[in-house]
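# need a structure here:
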Amino acid sequence: MRSLLLLLGLAGAASASARAERPNIVFFLTDDQDQMLGASFPTLDGVTPMPYTEKEFSGKGNTATNFFIHTPICCPSRAEMLTGRYFHNVKRDHAHANCPSTHDIKGPNCCMHVDTDLVNNQTFGKPLQAAGYTTGYFGKYLNLAPKWQDSPVGWDSYMGNNGGHYFGANFQVHGVEGYDNGQYVTSIDTYNTAFISNVTLNWIEQKVAKKQEPFFAVFGFKAAHEPFSPAPWYADHWDPAWPAHEPRPVSWNCSTASRAHHHESIATNPDIITEGAAEYITAAYKNRWRTLMSVDDAIKGTFELSDKLGITDRTYFFYSSDHGFQLGEFNILIDKRNVYDHNTRIHLLSKGPGIKAGSEFSALASQVDLVATFLDLAGLDPTTTGGDKPVDGKSLLPFLFADESLWGEAPASVQASLRKIEGKAGSLAGARDGWRDSMFIEYYYNANNSKYIPYEGVPYKTEDESNSYIAIRHVGHPTFGNTLYAEFQYDIGGEPSFDAIDFHEYYDIDADPWQMHNKYSGADPKVIDQLHAKLRQWFTCSGESCK
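Reported below is the predicted structural model:
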């Protein structure tokens, strides 16, 4: 504790006093909430199912405009968010051989190629708890969620599941006041989002907020994941100002010929979306928005409780998703898993003392950076969660606190971390100037997955064995511009190590925002060699070498 007090500039203060100088942190996490198709922030065409969040969160906080997901599927994405590590650093080696059903996400310590032992024992909750934070995780955790008696290390209170159902959800419970340790199943008429919100808010109000210790709370919502079931009170709602159907860019219902130069999983999908499939997509789009109305209610309830308890001026709020989505792009009805921007580009909203209202930052960042950010806010070492593997991500504080005139509003731990960043980089502007210039994306084929429309029997493929890739994304780079470069290695009964590339894709995003025209065959070989070399550096990085 003495070293921590010195770090915060609070030497000689009592332990409780030092803890009061560290902020509370609240993290809202949704599932499958896209950004490019209009479900999140920045909004598309000025409409949103989340008006309160737009006004009070985005409007009075910070919005990241180039925030990406490292892996566009649930379990890896969440594992990376919990540990601050890239996929290859939480991956189960030789998962095909060591996991009986990796592609079905089940098996000993296996979750969509993730080694859950590298996650459950090394989440960011562990160092926060050790530093005096009261920690609580409520809602979806990983797709292979641990049983209550094996609840993840670092969480005082855990009510987690694998996403479960929108109604009658099953939770594993440990250390939650008012609930016995063990399995808890909600009633069939209890709506998941409302239940998670109510339990978490009660935990904040009754167990945490009245104490001197800071807290960290995670709201892990199922929304807007399929089957897209809204709360009964929103089931028939559709604002007249909202679109009549989902966005339909050039990649929506595109021909086979237009996809001929994409990898096999995309190139071989049906040539046309039927009328029944189009109706299914639109219904999914509308119900996704309706599920998010309940998330908006949860965020509103949290902000109102924070004001009531008088803790808003020492609490940071974050809101993001585990990946994007597709709604007919490349004739894939729904889902994610692909390398393209509509699957990887997501939102990040941040709000709290010292963060300028209505501000934005455009630097390339991902959910892998959240752990370092949370630890930096608490005045802790942002490079480790206490395990044997370092944190790969970087703290976002230089961007969130770019207006130095507001630093005085921030808690002492935040100010101390900002001074450390200044000392290392020479200035906060220097830290921003030294930020990464590319974003790394990594994915391993999960399962043969197709969607069918009842009574039609036409399979619309989500992915096949051709869909394992590593990729690098640039935005406004002096050499590479605004581009996406990807290398694919097919997964045919083995496990891709990307040492024998089967296919390449390369897109100019300014000219081709929906990635229709693969430029690889006509690209400058020198540019491709540079991209390949840079991608290899990302693929082998760990800790400091990822920075």
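
# going forward, measure contacts between C-alpha atoms and count neighbours the same way
Will do.

# which non-adjacent residue is nearest residue 403?
residue 356 (6.8 Å; Cα to Cα, 6 or more residues apart in numbering).

# quick one: the strands in the stretch 401-547 of the chain?
439-443, 449-451, 460-463, 469-477, 481-488, 503-508 (DSSP state E, counting those that start in this stretch).

# gap between the two ends of stretch 192-211?
Here the two ends of stretch 192-211 are set 28 Å apart, with distance taken as Cα to Cα, to the nearest Å.

# ok, now stretch 380-393?
Span of stretch 380-393 from end to end, Cα to Cα: 15 Å.

# how about residue 407, what does it touch?
354, 401, 415 (Cα atoms under 8 Å, 6 or more residues apart in numbering).

# Would you mind checking the residues you listed for buried ones?
354, 401, 415 (16 or more other Cα atoms under 10 Å).

# before we move on, the earlier item: quick one: the residue nearest to residue 403 from residue 366, how far?
Counting by Cα to Cα, the gap from residue 356 to residue 366 is 21 Å.

# Kindly report the same for residue 273.
Look at residue 273 and residue 366: by Cα to Cα, they are 33 Å apart.

# what about these two, which has more around it?
Neighbours were counted for residue 273 and for residue 366 using other Cα atoms under 10 Å; residue 366 has more, 28 against 22.

# what sits against that one?
Residues in contact with residue 366 (Cα under 8 Å, 6+ apart) are 67, 68, 69, 70, 439.

# on that earlier part again, so what's the residue nearest to residue 403 up against?
Here residue 356 is in contact with 60, 61, 62, 400, 401, 403, 406 (criterion: Cα under 8 Å, 6+ apart).

# From residue 401, how far off is it?
Residue 356 is 7 Å from residue 401, by Cα to Cα.

# low-confidence ranges in the stretch 351-500 of the chain?
492-494 (pLDDT under 70).

# Could you give the average pLDDT over stretch 148-162?
Mean pLDDT, stretch 148-162: 93.

# and that stretch, C-alpha only, in CSV?
C-alpha atoms of stretch 148-162 as CSV (Å, rounded to 0.1, in the frame of the first residue of the first chain):
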residue,chain,number,x,y,z
TRP,A,148,-20.1,-20.5,-9.7
GLN,A,149,-17.6,-22.5,-7.7
ASP,A,150,-15.0,-21.7,-10.3
SER,A,151,-15.9,-18.1,-10.8
PRO,A,152,-13.2,-16.0,-12.4
VAL,A,153,-10.5,-14.6,-10.2
GLY,A,154,-10.8,-10.9,-9.2
TRP,A,155,-14.5,-10.5,-8.8
ASP,A,156,-16.1,-10.1,-5.4
SER,A,157,-19.5,-10.6,-6.9
TYR,A,158,-20.2,-12.6,-10.0
MET,A,159,-23.5,-13.3,-11.7
GLY,A,160,-22.4,-14.5,-15.1
ASN,A,161,-23.4,-16.7,-17.9
ASN,A,162,-22.7,-17.4,-21.6
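
# From the chain's centroid, how far away is that stretch?
From the chain centre to the centre of stretch 148-162 is a distance of 19 Å (Cα atoms, centre = their mean, to the nearest Å).

# Mind listing what's buried along it?
So for stretch 148-162, counting by 16+ other Cα under 10 Å, buried means 148, 151-162.

# what's near enough to touch the residue most central in space within the chain?
Nearest to the mean C-alpha position of the chain, by Cα atoms, centre = their mean, lies residue 322 at 3.1 Å. Contact analysis of residue 322 by Cα under 8 Å, 6+ apart lists 29-33, 69, 72-74, 77-78, 346, 367.

# ditto for residue 130
residue 154.

# and it, backbone torsions?
Per-residue torsions, residue 130: phi -60, psi -30 (degrees, to the nearest 10).

# State the distance from it to residue 154.
Taking Cα to Cα, one finds residue 130 at 8 Å from residue 154.

# The lengthiest helix in the chain - contacts with which helices or strands?
Determined from DSSP state H, the single longest helix within the chain is helix 275-309. On a contact count with 3 or more Cα pairs under 8 Å, 6 or more residues apart in numbering; DSSP states H and E, helix 275-309 meets helix 51-52, helix 192-202.

# Tell me the one among the buried residues of stretch 148-162 nearest to residue 278.
residue 162 (29.3 Å; Cα to Cα).

# Show me how to select, in ChimeraX, the buried members of the contacts of residue 356.
A single ChimeraX command selects the buried members of those (16+ other Cα under 10 Å):
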select :60,61,62,400,401
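
# nearest to residue 317, of the contacts of residue 356?
residue 61 (9.1 Å).
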